[in-house]
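In: What follows is a predicted protein model with its sequence.
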Amino acid sequence: MLMAFRSCHTARQVQTNRHEFLYWELHDHGFKQAVRMGDWKAVRSGVDGPLELYSLKNDLGEKNNVADKNPEVIAKIEDYLKNARTDDPNWPARTATQTAAAATDASGRSRRR
């Protein structure tokens with residue numbers, strides 16, 4: 001039994017269920033979306049905010065936004081984001097303005113209404 005267990009875990013296994021995109025969103029202090037596509041990572045604040053694009057292959061620390069230099073990648077990710085989420089009243093998608101307001105509220109500063 002131990003031999004079978006060991007050989008199972010020492011053999012190199014190849015992942016076969018790869019997906020083109022990995023999508024996630026954050027609702028802390030507003031609304032942010034992120035997408036991983038290969039070596040690319042795109043993030044944005046609010047559903048209407050501009051995408052920032054990072055090459056994780058060349059910039060693992062995500063210091064250099066290269067969105068302007070890669071319009072074809074941005075277009076592909078924007079197209080994906082049109083259908084990436086399902087609306088849910090418990091997890092609302094917010095615009096960039098609503099996200100900024102929520103971040104201000106979360107920081108403890110009061111807003112005028």
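Out: Great, that's in hand.
In: host element of the one residue sitting closest to the centre of the chain?
Out: Closest to where the C-alpha atoms of the chain average out (Cα atoms, centre = their mean) is Ala34, at 1.3 Å. Secondary structure assigned from DSSP states H and E places Ala34 in strand 32-37.
In: Same check on Thr104?
Out: Secondary-structure element containing Thr104, defined by DSSP H and E: helix 96-106.
In: now that helix against strand 32-37, angle please.
Out: When axes from the mean of the first three to the mean of the last three Cα atoms, to 10 degrees is applied, the directions of helix 96-106 and strand 32-37 differ by 120 degrees.
In: For helix 96-106, list every residue counted as buried.
Out: Neighbour counts using 16 or more other Cβ atoms under 10 Å place Ala96, Gln98, Thr99, Ala100, Ala102, Ala103 of helix 96-106 among the buried residues. C-beta: built from backbone N, CA, C; applies to glycine.
In: Put together JSON lines for those, with pLDDT and distance to Lys41 on each row.
Out: Compiled in JSON lines, the buried residues of helix 96-106 are given as follows (pLDDT from 0 to 100; distance: Cβ to Cβ, whole Å):
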{"residue": "Ala96", "pLDDT": "74", "distance to Lys41": "19"}
{"residue": "Gln98", "pLDDT": "78", "distance to Lys41": "23"}
{"residue": "Thr99", "pLDDT": "73", "distance to Lys41": "19"}
{"residue": "Ala100", "pLDDT": "77", "distance to Lys41": "22"}
{"residue": "Ala102", "pLDDT": "70", "distance to Lys41": "23"}
{"residue": "Ala103", "pLDDT": "69", "distance to Lys41": "21"}
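In: what distance separates whichever strand or helix holds Ala42 from the centre of its chain?
Out: Element membership of Ala42 [criterion: DSSP H and E] is strand 40-45. Centroid separation for strand 40-45 versus its chain: 5 Å, with Cα atoms, centre = their mean, to the nearest Å.
In: Just the residues contacting the very next helix or strand once past that strand, thanks.
Out: Per DSSP H and E, strand 40-45 leads on to strand 52-55 as the next helix or strand towards the C-terminus. Surrounding strand 52-55, the residues in contact under the criterion Cβ atoms under 8 Å, 6 or more residues apart in numbering are 39-44, 62, 64-67, 70, 73-74, 77.
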